[in-house]
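> The following comprises the amino acid sequence and a computationally predicted model.
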Amino acid sequence: MRPVVTLKQLIVGVFVLAIVCSLGSRELVKRRNAFLYDVTYHARRETEELRNLKDLEKMRREKNTGMTDRSLAKLQESSRLRATYHAKMKRKFQSAANHPWRNVGPIPEEPGEDLLWEGFIGEPVTPIDF
């Protein structure tokens, strides 16, 4: 025996399905907007680090900065690592914004912090144990 579905039941079923899809799409729009914000953040940070690299190279050529070549090299390496990191994260979040239903996966820690401090202080920095 074939199940009988009335037109009224079909309309109610389609209405319920539309509500469920609407709620799901709102969440996807929120996720997409959050990912696009992250894309903007990492694009700005990448630009800042590339500008830092140019400024550090200029300082290295002028040699009147009061900083040693070793310190400038550490700062340049830190900026290079950070620029690469932010470019990678920008691409990752752009892909996530294009496919907001996918899982982003783990987000690695920003590199170069130790080199940055070594460049400023002039000696290796050890973590503090509490």
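Cool, the structure landed. This structure is a prediction, so every number in the text was calculated from the model and none was measured.

> Buried ones in stretch 2-20, by neighbour count?
When burial is assessed from 16 or more other CB atoms under 10 Å, stretch 2-20 yields no buried residues. For glycine as for every other residue, the C-beta is placed from the backbone atoms N, C-alpha and C.

> Output that stretch as CSV, nothing but the C-alphas.
C-alpha atoms of stretch 2-20 as CSV (Å, rounded to 0.1, in the frame of the first residue of the first chain):
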residue,chain,number,x,y,z
ARG,A,2,1.3,3.4,-1.0
PRO,A,3,1.5,6.1,1.7
VAL,A,4,-0.8,9.0,1.1
VAL,A,5,0.5,12.5,1.5
THR,A,6,-1.9,15.3,1.2
LEU,A,7,-1.1,18.6,-0.3
LYS,A,8,-1.4,20.2,3.1
GLN,A,9,1.2,17.8,4.6
LEU,A,10,3.5,18.5,1.7
ILE,A,11,3.3,22.3,2.2
VAL,A,12,4.0,22.0,5.9
GLY,A,13,7.0,19.7,5.2
VAL,A,14,8.5,22.1,2.7
PHE,A,15,7.9,25.0,5.2
VAL,A,16,9.7,23.2,8.0
LEU,A,17,12.6,22.4,5.7
ALA,A,18,12.8,26.0,4.6
ILE,A,19,13.1,27.1,8.2
VAL,A,20,15.8,24.6,8.9
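
> for the longest helix seen in the chain, packing partners?
Looking across the chain with DSSP state H, the single longest helix is helix 7-62. Contacts defined by 3 or more CB pairs under 8 Å, 6 or more residues apart in numbering; DSSP states H and E place helix 7-62 against helix 69-98.

> So which bits of the helix it packs on are buried?
Buried, per 16+ other CB under 10 Å, within helix 69-98: 71-83, 85-87, 89-90, 92-93, 96-97.

> quick one on the thing from earlier: got the angle between the longest helix of the chain and helix 69-98?
170 degrees (axes from the mean of the first three to the mean of the last three CA atoms, to 10 degrees).
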